[in-house]
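Peer 1: Structure for the following, please:
(one chain, ligands or ions: 2)
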Amino acid sequence: MNCSIFVPSHITGFFEIRDNDNPIKKGSRGAGVVMDKGVITKTEISDGNGVQIKINGKIDVRNATITEKTIEIIKRDYNLDNKKIVITHDVDVPIGAGFGTSASFALGASLGISKILDLPLTFNKAAQIAHLAEVEMKSGLGDVIGALSGGLVLRLKEGAPGIGVTDKLLLNQSEDLYVISKCFGEINTGDIIEDPVHKERINSTGRDLLFKLTSDPKPENLMKLSRKFAEKTMLMSSEVLEAVVILEEETIGASMAMLGNTAFAISESPDTSIENAVVAKLNHSGLKFL
Ligand SMILES: Nc1ncnc2c1ncn2[C@@H]1O[C@H](COP(=O)(O)OP(=O)(O)OP(=O)(O)O)[C@@H](O)[C@H]1O
Ligand SMILES: CC(C)(CO)[C@@H](O)C(=O)[O-]
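Peer 2: Ligands and ions are numbered 1, 2, ... in the order given. Coordinates of the predicted model:
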């Protein structure tokens, strides 16, 4: 049996880390964008043993860890003996660079396995496994719930799907918006969100921004607040800043993708003077079974 799922990329513009001893309730609040590029995960399960994970057709030990963690969490409650699990992730955004690919990998695997094996889990319960995997790996805090929502998404209360609360900006969906991004390299999410100095700066800056966005819920304001966040947290590299300045001239607004060495912008047009930019339409509806 097999199952294919598209999980769109969620890019965070600004956030606040919200700790909790219960990993299902731990997470982040903040705002971001969901785009029509991301990860297609195909899960196949047959009689046999073992797990095989391929990313863009290849064995990729480092980037397979989040998928392995997801399977390990499922195994805590369900027997996967005598099952051969083959998972293939096809990714059309950079990995480790603020596009939330770890959340996409985890969601594709948790929902795919739950569906094929007919586990007694609702959609949110299966998606909570992906959030748990992210929190345990320290690879994400709010990308799972963001990728389920779609749109220009506000994470109003932290936590896994079913616990956290999201909302989105009210947009005219017949007018396309584009997400333009330029990646210069990776940032290890765990190195930032576990570092006390970064954490203090992120939280003291991020805390008030959601209120400022809900008071004026417009794409321009989301990007303006994201830009302010990137500057005050001192997370932006000089190359990202350079691209942000160019994108600001060409689009509705630009900032750094949290957490990657990546610039991103929301635009009314797919055109940009930035070379080798990733250009995608805004995704309005989130994860989709194919
Ligand atoms: N602590 C870790 N140990 C081993 N591998 C890790 C660890 N954290 C992340 N990874 C691997 O690195 C990959 C990239 O994860 P990371 O969360 O940094 O990037 P991302 O999800 O693409 O972007 P972001 O979370 O910044 O939006 C994941 O697929 C995961 O398998
Ligand atoms: C931590 C993070 C910025 C990057 O993965 C994102 O998951 C978020 O907004 O929680």
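
Peer 1: contacts and neighbour counts: CA atoms only from here.
Peer 2: Will do.

Peer 1: For the stretch 51-200 of the chain, what lies in contact range of ligand 2?
Peer 2: Neighbours of ligand 2 within the stretch 51-200 of the chain, by CA under 6 Å from any ligand atom: G100, S139, G140, L141, G142, D143, T189.

Peer 1: min pLDDT across those residues, which one?
Peer 2: The pLDDT minimum for these sits at T189, where the score is 88.

Peer 1: Give me the contact status of the helix or strand encompassing K37 with ligand 1.
Peer 2: Using DSSP states H and E, K37 sits in strand 27-47. No. Judged by CA under 6 Å from any ligand atom, strand 27-47 makes no contact with ligand 1; its nearest approach is 9.8 Å.

Peer 1: Quick one: list the elements packing against that strand.
Peer 2: strand 2-18, strand 83-91, helix 101-116, helix 143-149, strand 152-157, strand 178-185, helix 209-215, strand 278-281 (3 or more CA pairs under 8 Å, 6 or more residues apart in numbering; DSSP states H and E).

Peer 1: right, so the ones you listed: which one is the most enclosed?
Peer 2: helix 143-149 (a mean of 29; mean count of other CA atoms under 10 Å).

Peer 1: Can you tell me what sits against that helix?
Peer 2: Applying CA atoms under 8 Å, 6 or more residues apart in numbering, the contact partners of helix 143-149 are 7-12, 32, 34, 100, 103-104, 107, 127, 130-131, 153-155, 159-161, 164, 166-168, 284-287.

Peer 1: low-scoring pLDDT stretches of this protein, where are they?
Peer 2: Along the chain, no part satisfies pLDDT under 70.

Peer 1: for ligand 1, what are the nearby residues on it?
Peer 2: Neighbours of ligand 1 within the chain, by CA under 6 Å from any ligand atom: 62-66, 95-103, 137, 139-140, 188-189, 258-260.

Peer 1: out of the residues you listed, which are inside helices?
Peer 2: T65, I66, T101, S102, A103, M137, T189 (DSSP state H).

Peer 1: Surely the fifth one and G140 touch.
Peer 2: Pointing back at A103 there. Yes. The criterion here is CA atoms under 8 Å, and A103 meets it with G140 at 6.9 Å.
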